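S.K.: Curious how this folds, go ahead:
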Amino acid sequence: VINASLALAAAQAPRERVSFVVGTLQMAFFLGISTGPLLGGILADAVGYRIPFFVTGGLLLLGALLVLVFVRERFEPPKDQKSRSGPIQDVRMVLGMSAIVPMLVTLLLVRFGPQMLQPTLAAFMQTLVTDGAASVAGTAFSLLGFVSAGAAVFTGRLTRKEDLRLVTILSCFAAAVCYVPQLWVHSPALSTALVALTGIPIGVLMTSTAALISTTVAQEHQGAVFGVLQSVTALAFGLGPLLGGTLGATLGLRSVFLADAALFAALGAGVWMM
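M.R.: Model (predicted):
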């Protein structure tokens, strides 16, 4: 669904408005990630664990109906249906695009970094507070999502296509700077504020990299590219917590923040040299 919506929006939007459209969609994704677990937990505590399944199904059905009724698509199927490629051919085509592969790697690392904190932030907060560490960590992640949502739509509204690369570089270094102070922080409030502050460069990066891809790829290939993009995202969501948890268990919880800082600094240098 995420891949299809991004591809549809990017293909339908005027070329000069792609950044804004992608930024608005990223804002919606961040808001869903931020509020969904919170509301789901409240609902489960109030009415039981089965009801949220029905509520989720209803929301997905509502989303389908909204797209069916209100979204119009200017779709022209290929005249030669036999020439249409399959998934494997699509992946090979995308990986053969010299301009796209570096951006896919960039987006992988952008999403990889925050995921490294998932298994360690609650344990880290437990070293700063005696009670309620999970709630503090949950608040930090929610604030991260809300701040990222605002940054994403702000970037999409104000950033021009020719500025996207520079914005990406600066945001990588800004993210690295946000992670470094966590090495010495001993206040849960300050640590939460720093996690939330990281949402600004993360939201900017999500939008700038996706917009770079949208404005680089021809419309007929955007479905395949965003499909690979979503697979890259899933890979980051799987490997990020694994590496973060391993680092936290072997080198200490603060080492994860150091690793994130180094990751984004290296990423900024890499995009600069591309």
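S.K.: and residue 212, what does it touch?
M.R.: Taking Cβ atoms under 8 Å, 6 or more residues apart in numbering as the contact definition, residue 212 lies against 103, 164, 165, 168. To be clear about C-beta, it is placed using only N, CA and C from the backbone, and glycine gets the same treatment.
S.K.: Give the buried residues for the helix or strand hosting residue 57.
M.R.: Element membership for residue 57 (DSSP states H and E) is helix 51-70. Residues of helix 51-70 classed as buried: residue 52 (neighbour count, 16 or more other Cβ atoms under 10 Å).
S.K.: Following the chain past it, name the next helix or strand.
M.R.: Helix 51-70 is succeeded, C-terminally, by helix 87-95 (DSSP H and E).
S.K.: Now do the next helix or strand after that next one: which elements does it pack against?
M.R.: Downstream of helix 87-95, the first helix or strand assigned by DSSP H and E is helix 101-115. Contacts defined by 3 or more Cβ pairs under 8 Å, 6 or more residues apart in numbering; DSSP states H and E place helix 101-115 against helix 188-216, helix 222-251, helix 254-273.
S.K.: which of the contacts of residue 212 lies closest to residue 124?
M.R.: residue 168 (28.1 Å; Cβ to Cβ).
S.K.: what about the closest residue to the closest one other than its chain neighbours, how many residues close to it?
M.R.: Distances taken as Cβ to Cβ, 6 or more residues apart in numbering place residue 208 nearest to residue 168, at 4.6 Å, with adjacent residues excluded. Residues lying near residue 208 (other Cβ atoms under 10 Å) number 34.
S.K.: Could you do residue 107 as well?
M.R.: 21.
S.K.: Quick check: residue 47 vs residue 36, distance?
M.R.: 16 Å (Cβ to Cβ, to the nearest Å).
S.K.: With neighbour numbers in mind, choose between these two.
M.R.: residue 36 (14 against 11).
S.K.: Against which helices or strands is the strand or helix carrying the more buried one packed?
M.R.: According to DSSP H and E, residue 36 maps onto helix 18-47. Where contact means 3+ Cβ pairs under 8 Å, 6+ apart, helix 18-47 is packed against helix 2-12, helix 51-70, helix 133-158, helix 188-216.
S.K.: Can you say which of these is nearest to residue 271?
M.R.: helix 188-216 (9.1 Å).
S.K.: Go through the closest one and flag the buried ones.
M.R.: Neighbour-count burial for helix 188-216 [16+ other Cβ under 10 Å]: 188, 191-192, 194-216.
S.K.: go on, stretch 260-274?
M.R.: 260, 261, 263, 264, 265, 267, 268, 271.
S.K.: which residues touch that stretch?
M.R.: By Cβ under 8 Å, 6+ apart, stretch 260-274 touches 102, 106, 109-110, 112-114, 116-117, 165, 168-173, 175-177, 179-180, 201.
S.K.: at 6 Å instead, please
M.R.: 102, 109, 113, 116, 168, 169, 172, 173, 175, 176, 179, 180 (Cβ atoms under 6 Å, 6 or more residues apart in numbering).
S.K.: buried subset of the residues you listed?
M.R.: 109, 113, 116, 168, 169, 172, 173, 175, 176, 179.
S.K.: Please tell me how far the second one sits from residue 36.
M.R.: What that stands for is residue 113. Counting by Cβ to Cβ, the gap from residue 113 to residue 36 is 21 Å.
S.K.: separation between residue 96 and residue 90?
M.R.: 11 Å.
S.K.: in the stretch 101-250 of the chain, what spans have low per-residue confidence?
M.R.: Residue ranges of the stretch 101-250 of the chain with pLDDT under 70: 156-162, 219-220, 222-223.
S.K.: can you redo the helices and strands packed on helix 101-115 as TSV with distance to residue 40?
M.R.: Shown next, in TSV, are the helices and strands packed on helix 101-115 (distance: least, Cβ to Cβ, whole Å):
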stretch	distance to residue 40
helix 188-216	21
helix 222-251	18
helix 254-273	26
